[in-house]
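K.L.:
3D model of this:
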Amino acid sequence: MTDRFPARAAIALVTDEFTELRVPIRRFEPDGPLSWQGYDEARSRAAARTGEDESVVCGGAVVGGTRVALIAFEFGFLGGSLGERTGDRLEAAYAHAREHRLPVVSLVATGGSRMQEGMLALTQLQRVARQSALTREAGLPQIAVVRDPTTGGGWATLGAGSDVILALPGAQVGFAGSRVRPPGADPAAYTAEAQVAAGAVDAVVPEGELRETLALWLALLSAPSAGAAPVPAALGAPGLPATGRDAVDRARSPERPRAEAYLDDYFSRRAAIGGDRCGGTDAGLLCGFGSGPEGRTVAYAAQCGTATRPAGYRTAARLIRLAGRLGIPVLTLVDTPGAANDEHAERQGAGSAIADLFAAVATARTPVTTLVIGEGGSGGALALASPDNTWATPDSYFSVIAPELAAAILKRPASEVRATADQLRIRPQDLLDLGVVRGIAEHRGE
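P.N.:
Numbering: from 1, shown residues only. From the prediction side, this is the model:
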């Protein structure tokens with residue numbers, strides 16, 4: 001399998017404005033640092049075939065109005081492999097990004113490290129990893145577009161190490177290239193689509209939509225803003241519940257507005273991240289960035305009314321930390337009966353995932369605003385809630401435990417569930433009186 005288009009064609013997919021960054025060419029002894037017989041001839045043939053003098057092209061570009069540092073791999077040049085000269089260019093591109101405060105966009109197509117340069121080629125991965133880390137510390141976003149193929153160390157640094165990872169359809173993506181996989185390995189596991197399902201890639205984007213998608217991501221991630229995200233307007237039925245049981249019934253009603261409705265109302269446009277980068281996804285927790293009130297970028301993590309799985313908590317923690325590095329406020333929407341507690345959740349590290357999210361919220365670098373829009377089920381909901389800026393809608397509740405479970409633990413009959421709900425003081429107005437929430441969200445126009 002080979003890349004469907006070379007570096008310059010990949011650049012043309014995303015921008016019409018590109019200025020190549022000129023980097024001094026490292027001098028080699030004949031046939032390179034290892035005196036690998038035929039290496040000079042192989043490079044010469046690659047240059048004649050591709051028109052490039054190395055496996056990567058770097059420079060400045062404008063994508064959708066945002067200036068970026070752009071990196072594009074030329075797979076036709078020795079399989080897009082990384083050698084010392086490749087490392088020189090990548091380091092220069094990252095340094096250029098930090099000097100000019102630019103996001104980094106990498107269009108990756110590589111087979112890994114260059115064998116003809118031996119360990120000197122492999123150590124370029126450490127060099128790239130350092131440059132990526134310095135750029136991350138500088139608060140600059142990094143977006144990778146993984147092309148066909150993206151394998152080996154290039155995937156494990158420029159690809160998987162980026163903040164947002166997009167992939168072209170059908171691309172071969174994985175640490176192991178096709179010639180070094182175990183016998184009988186399922187090739188479907190090494191595709192862009194499989195990596196999305198495993199939470200390692202955020203989205204598959206068709207070539208024709210790539211420029212627009214990149215432009216949206218760059219606009220959202222390059223717009224830090226001060227101050228907390230405004231509290232969304234309540235969308236459900238007005239009026240407060242009379243009893244605890246009424247609060248529970250309203251929160252569980254299938255007619256109540258869910259996360260998608262709130263996100264659509266709050267954001268004019270948004271882009272989603274997907275997956276925890278640890279092998280999992282959770283469709284019941286939506287995460288991403290959007291253009292919110294007054295055009296400000298706001299990061300969001302929104303529960304969808306299902307039991308949240310470990311991958312969901314890890315994805316939310318990833319989002320909050322990324323938003324903090326980029327100076328973007330966070331909005332969380334709480335709506336879950338509680339954390340998933342089946343055997344699969346335990347094997348996937350439910351406790352540690354929830355703990356990590358608690359820590360991410362507690363140490364968030366940017367303000368976190370929380371709105372409880374439905375069920376607030378115990379610690380599985382509280383992990384997503386701001387300690388000092390949580391609000392509730394009139395059709396929500398928040399409880400240490402579901403009333404039915406509380407009654408069961410106290411060995412009370414089912415007839416006492418309603419009374420137990422009242423004792424727990426879970427209504428929005430109860431939460432306000434107790435100081436658990438700052439206020440009750442109003443409907444727009446109230």
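
K.L.:
what about A189, how many residues nearby?
P.N.:
14 (other CB atoms under 10 Å). No exception for glycine: its C-beta is placed from N, CA and C like everyone else's.

K.L.:
which non-adjacent residue is nearest it?
P.N.:
Distances taken as CB to CB, 6 or more residues apart in numbering place G174 nearest to A189, at 7.3 Å, with adjacent residues excluded.

K.L.:
next: D276.
P.N.:
R314 (3.5 Å).

K.L.:
and the one you found, backbone torsions?
P.N.:
In terms of degrees, to the nearest 10, the main-chain angles of R314 are phi -70, psi -40.

K.L.:
one step back: N389 versus the residue nearest to A189, what's the distance?
P.N.:
Look at G174 and N389: by CB to CB, to the nearest Å, they are 41 Å apart.

K.L.:
those two: which is more packed in?
P.N.:
Ranked by neighbour count (other CB under 10 Å), G174 and N389 place G174 first, with 25 against 18.

K.L.:
the more buried one: what's it in contact with?
P.N.:
T151, W155, A189, Y190, Q195 (CB atoms under 8 Å, 6 or more residues apart in numbering).

K.L.:
with A203 instead?
P.N.:
L166, A167, V196, T213, A272, G274.

K.L.:
from those residues, keep the buried residues only.
P.N.:
Burial by neighbour count, 16 or more other CB atoms under 10 Å: within the contacts of A203 this picks out L166, A167, V196, T213, G274.

K.L.:
could you list the low-pLDDT ranges of the stretch 251-400 of the chain?
P.N.:
By pLDDT under 70, the stretch 251-400 of the chain contains no weakly predicted segment.

K.L.:
what segments of it are strands?
P.N.:
Applying DSSP state E, counting those that start in this stretch to the stretch 251-400 of the chain gives strands spanning 269-273, 285-291, 297-303, 330-336, 368-377, 390-392, 397-399.

K.L.:
quickly note the distance from the nearest residue to V334 once chain neighbours are set aside to G59.
P.N.:
Distances taken as CB to CB, 6+ apart put V372 closest to V334, at 4.4 Å, once the chain neighbours are dropped. Using CB to CB, V372 is found at 48 Å from G59.

K.L.:
roughly how far apart are G118 and L34?
P.N.:
5 Å.

K.L.:
dig out what the residue nearest to A189 forms beta bridges with.
P.N.:
Beta-bridge pairing of G174 under DSSP bridges involves T151.

K.L.:
check what pLDDT it gets.
P.N.:
At G174, the pLDDT value in this model is 92.

K.L.:
on that earlier part again, distance of the residue nearest to D276 relative to E54?
P.N.:
When R314 is compared with E54 (using CB to CB), they lie 37 Å apart.

K.L.:
related to what we said a few turns ago, reformat the strands of the stretch 251-400 of the chain as CSV; add distance to S178.
P.N.:
Converted to CSV, the strands of the stretch 251-400 of the chain look like this (distance: least, CB to CB, whole Å):
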stretch, distance to S178
strand 269-273, 28
strand 285-291, 32
strand 297-303, 37
strand 330-336, 40
strand 368-377, 44
strand 390-392, 50
strand 397-399, 51
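
K.L.:
which one of the ones you listed lies closest to S253?
P.N.:
strand 368-377 (8.9 Å; CB to CB).

K.L.:
packing partners for that closest one?
P.N.:
On a contact count with 3 or more CB pairs under 8 Å, 6 or more residues apart in numbering; DSSP states H and E, strand 368-377 meets helix 244-252, helix 259-266, strand 330-336, helix 378-382, strand 390-392, strand 397-399.

K.L.:
go again using 7 Å as the cut-off
P.N.:
Contact here means 3 or more CB pairs under 7 Å, 6 or more residues apart in numbering; DSSP states H and E; on that basis strand 368-377 packs against helix 244-252, strand 330-336, strand 390-392, strand 397-399.

K.L.:
can you pull out the strands in the stretch 1-150 of the chain?
P.N.:
Under DSSP E, counting those that start in this stretch, the stretch 1-150 of the chain gives strands at 17-20, 56-63, 66-73, 104-110, 142-151.

K.L.:
how near is the residue nearest to V334 to G292?
P.N.:
V372 is 18 Å from G292, where distance means CB to CB.

K.L.:
those two: who's more crowded?
P.N.:
Between V372 and G292, counting by other CB under 10 Å, V372 is the more crowded of the two (29 against 23).

K.L.:
residue closest to the middle of the protein?
P.N.:
I273 (3.9 Å; CA atoms, centre = their mean).

K.L.:
which parts of stretch 260-269 are buried?
P.N.:
For stretch 260-269, by 16+ other CB under 10 Å, it's Y262, L263, Y266, F267.

K.L.:
ok, those vs Q124, which is closest?
P.N.:
F267 (40.0 Å).

K.L.:
which residues touch the closest one?
P.N.:
By CB atoms under 7 Å, 6 or more residues apart in numbering, the residues touching F267 are G290, S291, G292.

K.L.:
related to what we said a few turns ago, quickly list what the residue nearest to the centre of the chain is bridged to.
P.N.:
Note on I273: beta-bridge partners by DSSP bridges are C287.

K.L.:
how near is it to T306?
P.N.:
For I273, the distance to T306 - CB to CB - is 18 Å.

K.L.:
repeat for V436
P.N.:
23 Å.
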